[in-house]
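1. With the input below, show me the fold.
(chains A, B, C and D)
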Number of protein chains: 4
Amino acid sequence: MPREHRFTFGLWTVGNPGRDPFGEPTRAPLDPVDSVRRLAELGAWGVSLHDNDLVPYGTAAGEEERIVARFEAALAETGMGVGMATTNLFGHPAFKDGAFTSNVRGVRRAAIGKALRALDLGARLGAEVFVFWGGREGTESGVAKDPRDALDRYREAIDVLADYAVAQGHRIRFAIEPKPNEPRGDIFLPTVGHALHFITTLQRPEMVGVNPEVAHETMAGLSFAHAIGQALWAGKLFHVDLNAQRIGRYDQDFRFGAEDLKETFLLVRLLERAGYAGPLHFDAHAYRNEDEEGVWDFARGCMRTYAALAERARRFDELPEVREALAAASTPELAEPSVENEDPAALKA
Amino acid sequence: MPREHRFTFGLWTVGNPGRDPFGEPTRAPLDPVDSVRRLAELGAWGVSLHDNDLVPYGTAAGEEERIVARFEAALAETGMGVGMATTNLFGHPAFKDGAFTSNVRGVRRAAIGKALRALDLGARLGAEVFVFWGGREGTESGVAKDPRDALDRYREAIDVLADYAVAQGHRIRFAIEPKPNEPRGDIFLPTVGHALHFITTLQRPEMVGVNPEVAHETMAGLSFAHAIGQALWAGKLFHVDLNAQRIGRYDQDFRFGAEDLKETFLLVRLLERAGYAGPLHFDAHAYRNEDEEGVWDFARGCMRTYAALAERARRFDELPEVREALAAASTPELAEPSVENEDPAALKA
Amino acid sequence: MPREHRFTFGLWTVGNPGRDPFGEPTRAPLDPVDSVRRLAELGAWGVSLHDNDLVPYGTAAGEEERIVARFEAALAETGMGVGMATTNLFGHPAFKDGAFTSNVRGVRRAAIGKALRALDLGARLGAEVFVFWGGREGTESGVAKDPRDALDRYREAIDVLADYAVAQGHRIRFAIEPKPNEPRGDIFLPTVGHALHFITTLQRPEMVGVNPEVAHETMAGLSFAHAIGQALWAGKLFHVDLNAQRIGRYDQDFRFGAEDLKETFLLVRLLERAGYAGPLHFDAHAYRNEDEEGVWDFARGCMRTYAALAERARRFDELPEVREALAAASTPELAEPSVENEDPAALKA
Amino acid sequence: MPREHRFTFGLWTVGNPGRDPFGEPTRAPLDPVDSVRRLAELGAWGVSLHDNDLVPYGTAAGEEERIVARFEAALAETGMGVGMATTNLFGHPAFKDGAFTSNVRGVRRAAIGKALRALDLGARLGAEVFVFWGGREGTESGVAKDPRDALDRYREAIDVLADYAVAQGHRIRFAIEPKPNEPRGDIFLPTVGHALHFITTLQRPEMVGVNPEVAHETMAGLSFAHAIGQALWAGKLFHVDLNAQRIGRYDQDFRFGAEDLKETFLLVRLLERAGYAGPLHFDAHAYRNEDEEGVWDFARGCMRTYAALAERARRFDELPEVREALAAASTPELAEPSVENEDPAALKA
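-> Numbers count the residues shown, from 1 in each chain, chains lettered A, B, ... in the order given. Below is the predicted model of the structure:
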């Protein structure tokens, strides 16, 4: 696998132990350092992580330093990069009703504090993007949160964090990751569109983009290629989460390409044509009935599928019959302005 | 029915003859003037219309003037207003692959021309909002349109139309109506979020808002109350289409309140609390198996349901047990800033 | 295209003029005789038809005979067969609230009468299967029909029709076609499972099977391969409707293979392995933005995709790595009984 | 709360600690005996349980007897019944690829053995129904299991278990609980219809019915009232799982009545009119952000909502305007046969 593409995997993806709402883990936890080494061997460019993927809750300060230094050494040794870092604001019971949009001010402050520490960690590890996935920012009982207040608090939190990042000189950009539901009944900023709009309301919009995820848009039955199209059009595709999902289901995070090959092809073709140069992050996991060795087959397969589709997309666009079909469909004509230096009223005739 | 609320109905809603993809009409067409009179009697504030709801395709110029003048007379006689006007850019075969985003430049120009004429008609009738529903702006075969080109053309069309409206002195605002799919496999600007973002890219963003429709967000399983919340938060709720829909189905346009009473209540409560003062537009129709008299029961029922829910929302918020529950949930605390004039770094502790 | 597979097309599929709920036809109607000839040239085995695809509503008796005889001549001339016949009990306003389950007894009797005449026509044309798609048998307002009464009436109608077919000596089998919704809010017998169960309650269950359609199960997000699996397991797969659909959307009837290639592959592999020998019926239509010549590309493409997947399925099962993977997954072991001639209580240990 | 209705709660429902795929528990585990007492105080009729809700995995034999005896004492003391018992064949890693339909014969035998022991426990506790929910009986990778083999094995397991129950003299009936997906990509017997059909293929069909669950049919967007209608029509509604769910989402198990009030009303009205006398089982849980005392509010609310809707349904059917509307819709006429002692051919005229 040549490092032509910057493939990354979350520590939590290859490390997923197969726990689900109805069943216990089927695989043992992985040491993050082992994951880094194994992924490097397979040809990945880097990894991604939540703060607590590396440093478990409740780790003492000295121990934290030891963990992080050991991880840095593994990165250095393997030449692996960190595509993105993020913070887990969804697992702890304190965040059960939201983090940045918890009704309880103290919880919101704790969430911002945790994000600030995670931002420092991400910057230290050289992450180019810091992702915000607000999985708990939502409602089941809609009366409990005025959505306008919730958006005010969400914006406030991102503004505070962006100011801090600038003040610290962290060279990192932010990316908002939308999701329509699960684990909340309805999550704020449910789609790429909502997140793109939200970003325009921030104090530092230039520093914030989106991190669309195949599974999340697909849960709502939306075209992922169109979502990526609008994000690219806006200059806001800072990161992307690649996996597979069937419409209208629980969050499946299947191996990239495992579902909807047509939309997957459209996605890869668009990313390649647009020259997207950010990390290609596989936020997926092996099926729960896969064994420990199968995890690495899974990781290899994600990368191989992307590379194969990228190659197919190139060839597709060179095929004479494709060129003819696109010409017959007047596809290139869509790039031409409809109106040029003329009085629009003349079009009424 | 007191005119406390500005209820409006599209001419095409009460006039819906019950044709569907599998069956022929079950009701006779209505004369728009009769609809205006009947709706006035029922207590509606006004009507809405597509250009071709009033002036059929191919009407001669003189005949058009006679039709419009007769319609104006009916409005004057009944005191009815025009909540919104729009243009039908989806019915004619010419628009089979899009109007503003057709691959064929000539079609795009024809679409803009038709919209310009409809804008003049809307302005003449005093419509306060001009709606754009791009039902044909989409794809089934994703290779045929680069979504970035499509968004360029969409933006260009709205910019041209806004310039024209300003140049003409039309006192009218624009509202984009999103929809995820049907009649196209995937429609551009599929949700309220995508439309809100798109508006920020326009040359005259201040004059353009959104026209969210219950059925359209619900098809994608998104919370309509949250969509309205983000639109209100952005100051962009210029118009609203009220009806009912089950998630994950064909566009049903059922009577307001006919499905999902909880979300409907949340919606009405939010509109009322926010002081939304635009038209409350019922974009719905009677069931196809309803007879001609039943259409007016349907119209009466839409208004009665809204008014009843508005009254319930008022009483709900006054109930002691509701106040206690909201206090227990810390709901008011969500309106308080999380951070105030302090060094964010202090939150890390 | 060799006639190895018995490919059939409904007259209404290639003849689909492109009308949809929001737009007028984009293609001219076709003469059924021309469709037969054209499909024969393309390598199809036969056609299918609703009574009114061939004989329009209100045709005089003498004219009907002329139409049918001319159609028979075209079949004879081309060697084309009739895969299935059916009756349109959904288009006419009389059936707006159901046909066999209309609340109005007179409508139910008219529906049975129309089905009897269509059955005679189907038998005359040599159709091997007569399909019942109860598109209007459902509700939007659930109080209006007790579902138990509706199922009684549905069963009664099928029983009466089966008795008649036997009495007439018609050599034809029946197939029930399930669908979850559209054009009704909820349709009775919404899935293959419901139809399979319903059949067990009939007086002549042996003569009735199912006609599953890709689009219909997929609308509800159900696995079509599993549905076909249960139908085959029950010995009830009498006919199959092939097309493509995205989950949770309006009834799309896209070209076979246009969506969800993985499930399509699983379907073809299962049909081929099971030795399904009935008609392979494409109940699909060209995209509305396709032109008249494109309709025949569409038809050719449906057949080519099936044939290509059948060939791939054969090769897939011969690949050493597939055999190894299936062995590793213990797939063949699932065919072995779990318990054999032993006291089950011994398993408790 | 009078015990007019036989309300039951699973031990796992009030005892749900709030763990979800993204977060840790927010509530402490409950002692089953405490749950029995508390539910008795609230007016429930009884409880339901999985084997491992009461007897954790790995409990020694003597300890098991002590646990069960203590639980029996609590039932006796409170007068609470056991509505149903079942076995957990989804949580342990051994069942990661299925239990009765695992590809591995040894796993299938272990699953049958576990079910046999749970059946003995259920019979001892006086459970009237033993439920089979095959949550792991499915696939993500469809090639790995021929669905026909899987149905053979499923049927074999139920047949063996039914024989055993009869041989032991257990006075208990079986109920199959369908679900379309989660935790598997696609689960066999996905809907009430599929399960009703499956039952007709068993060796002792008379002893097996269905246990439909609101959330499970609703995930697939199917009408739950229609599903219950077909189950009642077949005489197969042996048990029912009441909760709430939005279409096309993860399995939410919300409080009964929390979503889709219209369908909930239709359901209660149908159960009451049909004289359903089995347990009314709430298979739901409090929101994860609810505290420990709120769990009992949740339980009280489930029962209160059912009782209130049952009362409303009674009054609804007595309202003159409802009677008039049903008469206008010819609803009673649907109970009349369409054809009576006549030659069907006469209907053709």
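2. drop to CA atoms for contacts and neighbour counts, all remaining ones
-> OK.
3. Could you pull up phi and psi at residue A:345?
-> Dihedral angles of residue A:345 (phi, psi; degrees, to the nearest 10) stand at phi -60, psi -30.
4. who's in contact with it?
-> B:113, B:116, B:164 (C-alpha atoms under 8 Å, 6 or more residues apart in numbering or on different chains).
5. just these now: which is nearest chain A?
-> residue B:113 (4.2 Å; C-alpha to the nearest C-alpha).
6. picking that back up, could you tell me which of the contacts of residue A:345 count as buried?
-> B:113, B:116, B:164 (16 or more other C-alpha atoms under 10 Å in any protein chain shown).
7. Of the residues you listed, which belong to strands?
-> Of the buried ones among the contacts of residue A:345, none are assigned to strands by DSSP state E.
8. returning to what we had before: mind checking which of the contacts of residue A:345 land in helices?
-> B:113, B:116, B:164 (DSSP state H).
9. The contacts of residue A:345 into a markdown table, with extra columns for pLDDT and distance to residue D:172?
-> Formatted as a markdown table, those follow (pLDDT from 0 to 100; distance: C-alpha to C-alpha, whole Å):
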| residue | pLDDT | distance to residue D:172 |
| --- | --- | --- |
| B:113 | 98 | 74 |
| B:116 | 98 | 73 |
| B:164 | 97 | 77 |
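10. of the residues you listed, closest to residue B:280?
-> residue B:116 (25.0 Å; C-alpha to C-alpha).
11. how many neighbours does the closest residue to that closest one other than its chain neighbours have?
-> Excluding the flanking residues, the one nearest residue B:116 by C-alpha to C-alpha, 6 or more residues apart in numbering or on different chains is residue A:348, at 6.3 Å. For residue A:348, the neighbour count with other C-alpha atoms under 10 Å in any protein chain shown is 15.
12. got it, and residue A:290?
-> 18.
13. Tell me if it really is in a strand.
-> No. Judged by DSSP: H, G, I helix; E, B strand; the rest coil, residue A:290 forms no part of a strand; its state is coil.
14. circling back: and the buried ones among the contacts of residue A:345, which is closest to chain C?
-> Of the buried ones among the contacts of residue A:345, the one sitting nearest to chain C (C-alpha to the nearest C-alpha) turns out to be residue B:113, at 19.4 Å.
15. quick one on the thing from earlier: so the residue nearest to residue B:116 sits against residue B:119, correct?
-> No. Counting by C-alpha atoms under 8 Å, residue A:348 stays clear of residue B:119, with 10.6 Å between them.
16. Is stretch A:147-156 in proximity to chain B?
-> Yes. Part of stretch A:147-156 sits near chain B under the criterion C-alpha under 8 Å from any C-alpha of the partner chain, namely A:147, A:148, A:149, A:150, A:151, A:152, A:153, A:156.
17. what sits against the fourth one?
-> Put plainly, it is residue A:150. A:101, B:334, B:335.
18. Just confirm it is within a strand.
-> No. Assigned with three-state DSSP, residue A:150 falls outside any strand and is helix.
19. Helix or strand next in line after the strand or helix carrying residue A:198, which one?
-> Using DSSP states H and E, residue A:198 sits in helix A:192-200. Sequence order places strand A:208-210 as the next helix or strand after helix A:192-200, per DSSP H and E.
20. can you list contacts of that following strand?
-> Residues contacting strand A:208-210 (C-alpha under 8 Å, 6+ apart): A:173-178, A:192, A:195-196, A:199, A:231, A:235-240.
21. Which ones among those lie within strands?
-> Using DSSP E, these in strands are A:173, A:174, A:175, A:176, A:177, A:240.
22. want to throw these into TSV with neighbour count, pLDDT and distance to residue C:126?
-> As requested, the ones in strands among the contacts of strand A:208-210 are arranged in TSV below (neighbours: other C-alpha atoms under 10 Å in any protein chain shown; pLDDT from 0 to 100; distance: C-alpha to C-alpha, whole Å):
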residue	neighbour count	pLDDT	distance to residue C:126
A:173	20	98	69
A:174	27	98	67
A:175	26	98	63
A:176	24	98	62
A:177	24	98	58
A:240	22	98	56
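23. Scan the contacts of residue A:150 and report the most crowded one.
-> Going by other C-alpha under 10 Å, residue A:101 tops these with 31 neighbours.
24. What residue in the stretch 1-150 of chain A comes nearest to chain B?
-> residue A:113 (4.2 Å).
25. what's near enough to touch that residue?
-> Here residue A:113 is in contact with B:344, B:345, B:346, B:347, B:348, B:349 (C-alpha under 8 Å, 6+ apart).
26. quick one on the thing from earlier: from the contacts of residue A:150, which is closest to residue D:88?
-> residue A:101 (37.0 Å).
27. Roughly how far does the residue lying closest to that closest one once chain neighbours are set aside sit from chain D?
-> Nearest residue to residue A:101, sequence neighbours excluded (C-alpha to C-alpha, 6+ apart): residue A:150, at 5.3 Å. Separation of residue A:150 from chain D (C-alpha to the nearest C-alpha, to the nearest Å): 17 Å.
28. buried residues in stretch A:83-97?
-> Applying 16+ other C-alpha under 10 Å to stretch A:83-97 flags A:83-91, A:93-97 as buried.
29. Just put the contacts of residue A:345 in JSON lines and tack on distance to residue A:258.
-> As requested, those are exported to JSON lines (distance: C-alpha to C-alpha, whole Å):
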{"residue": "B:113", "distance to residue A:258": "45"}
{"residue": "B:116", "distance to residue A:258": "47"}
{"residue": "B:164", "distance to residue A:258": "49"}
